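> the amino acid sequence is not available; the structure is as follows:
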C-alpha cells in the first residue's frame, strides 16, 4: 500500500510548504490538471508546486487532507487549503477532490477538482461573483496562472 503512503507524503509535505518532498512523489512524466492551471506536464507541474509553496512561505497557510483511498494503481484524497489570496489578501478556503494514477510508487497523473465559482468569489470578490462561473473566466485564469508560472521559472 505504498500508494497511500505516497499520497500522505505529498500532502504532509504541502502542509509543511516543502515542494521538494512533494515533487519527489511525482513521476518524471507526471500530468497534472486542475481548474486554475489547466494541464501541466512534467517539470511544469513540479514548478507549479514550487511556485505555490514559495508564495506561501511567510503567509498564514493551512493544508489538511483526509479520506485517502488507494489500490494497486490509483488513489484519491480530499484536501483543503486555507490561505490569503494574492495582493488582495482575501481569505480563501478551497476544498479539493484529488484523483491519482501511479507508475510504481510515483504519481503519474494527478487531477484536482474544485468548485471554481466558489473559489473565484472568495479570491476575487465581486468580479469572481459576476464572472467566475463562465468559461471565459476559466480561460483567462488559466492564461494568468501560466504567465505567473513562466515568470517564476525565469527567476528560479
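That came through fine. Treat the numbers as computed from the prediction; the structure is a model and nothing was measured.
> switch to C-alpha atoms for all contacts and neighbour counts from now on
Fine.
> is it true that residue 23 touches residue 46?
Yes. Assessed by CA atoms under 8 Å, residue 23 is found in contact with residue 46 at 5.6 Å.
> OK, contacts around the closest residue to residue 2 other than its chain neighbours?
In this structure, residue 2 finds its nearest non-sequential neighbour in residue 105, 6.3 Å apart by CA to CA, 6 or more residues apart in numbering. Listed by CA atoms under 8 Å, 6 or more residues apart in numbering, the contact partners of residue 105 are 2, 3, 6, 25.
> now residue 105: phi and psi?
When read as degrees, to the nearest 10, the backbone of residue 105 gives phi -100, psi 10.
> which pLDDT value belongs to it?
Confidence at residue 105, expressed as pLDDT, is 90.
> ramachandran angles for residue 16?
phi -100, psi 10.
> same for the top helix by length along the chain, what does it pack against?
Criterion DSSP state H: the longest helix present in the chain is helix 135-155. Secondary-structure packing of helix 135-155 (3 or more CA pairs under 8 Å, 6 or more residues apart in numbering; DSSP states H and E): helix 43-56.
> for the helix it packs on, which positions count as buried?
Neighbour counts using 16 or more other CA atoms under 10 Å place 44, 45, 46, 47, 48, 49, 50, 51, 53, 56 of helix 43-56 among the buried residues.
> now, which of those residues sits nearest residue 67?
residue 49 (21.6 Å; CA to CA).
> was I right about that closest one contacting residue 23?
Yes. When contacts are counted by CA under 8 Å, residue 49 is listed as touching residue 23 (7.5 Å).
> partner strands of the strand or helix carrying residue 39, parallel or antiparallel?
Using DSSP states H and E, residue 39 sits within strand 38-41. Here strand 38-41 has these sheet partners by DSSP bridges: strand 26-34 (antiparallel).
> what lies in contact with the partner strand?
39-43, 45-46, 103, 106-114.
> write the PyMOL selection for whichever of these are buried.
Here is the PyMOL command that selects the buried residues among those (16+ other CA under 10 Å):
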select buried, resi 40+41+45+46+103+106+107+108+109+110+111+112
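> thanks a lot, see you next time.
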